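quick one, structure for this:
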Amino acid sequence: MYSIGEVAKILNLSISTIRYYDKEGLLLDLERDNSGIRVFNDKNIEALRLIECLKKSGLQIKDIKEFMYWCSLGISTISKRKEMFFNQKENILNKIKELEKALNMIEYKCWYYTEAENDGNELRVKNITIKDMPKKIQELYKNIHD
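Numbers count the residues shown, from 1 in each chain. Next comes the predicted model:
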C-alpha cells in the first residue's frame, strides 16, 4: 500500500493531479483508510500509468472516464476498449508524422542559418537550388514540400 505522496514520486505526478483524477472518477477501486485518506495499491498505480498514457495520446478526461468505466464492466466491453486503443494508435502515428515534418523543417532551417552565418549573408543559401544542397538537406527539403 502506498500514500498519495509515494505514488506521486513513483509516477512523477503532482499530488493535485492524482486527486483530480480521483475526483473525476477515474480511479474506480481506490480505497480509503478509516480516516478517509486515499490508500493506493499496485493496481491503482497501473491505472494511473494508463490514464497518463491516454492523456498524452490526446484522449479527453471524459473519454478516459468512459474507458475506465468500460474496464469495470469486464469482458462485455473488450471490443470497445480494443477499438479505442487502435484509434489512439492511429492518432499517435499521425501526430508522429506531423512532428517528423516539423523536425525536417527545423533541421533544414538549422542548416540554412548555419550556412548563412558562415557566409556572412543569406544570398547564396537563399538562391541555392535543391540539386546543389547536400544529399541529407535535399531529403529534408523534399519531405518538407511533399
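
did I read that right, residue 29 in a strand?
No. Applying DSSP: H, G, I helix; E, B strand; the rest coil, one finds residue 29 to be coil, outside a strand.

roughly how far apart are it and residue 146?
48 Å (Cβ to Cβ, to the nearest Å). Where C-beta positions appear, they are placed from N, C-alpha and C, glycine not excepted.

quick one: which of the two has more around it?
For residue 29 and residue 146, the more surrounded residue by other Cβ atoms under 10 Å is residue 29, and the numbers stand at 11 against 7.

who are the contact partners of that one?
Residues in contact with residue 29 (Cβ atoms under 8 Å, 6 or more residues apart in numbering) are 43, 44.

swap in residue 27?
Residue 27 neighbours (Cβ under 8 Å, 6+ apart): 21, 44, 47, 48, 68.

closest to residue 137 among those?
Top of the list for closeness to residue 137, among the contacts of residue 27 and by Cβ to Cβ, is residue 48 at 43.6 Å.
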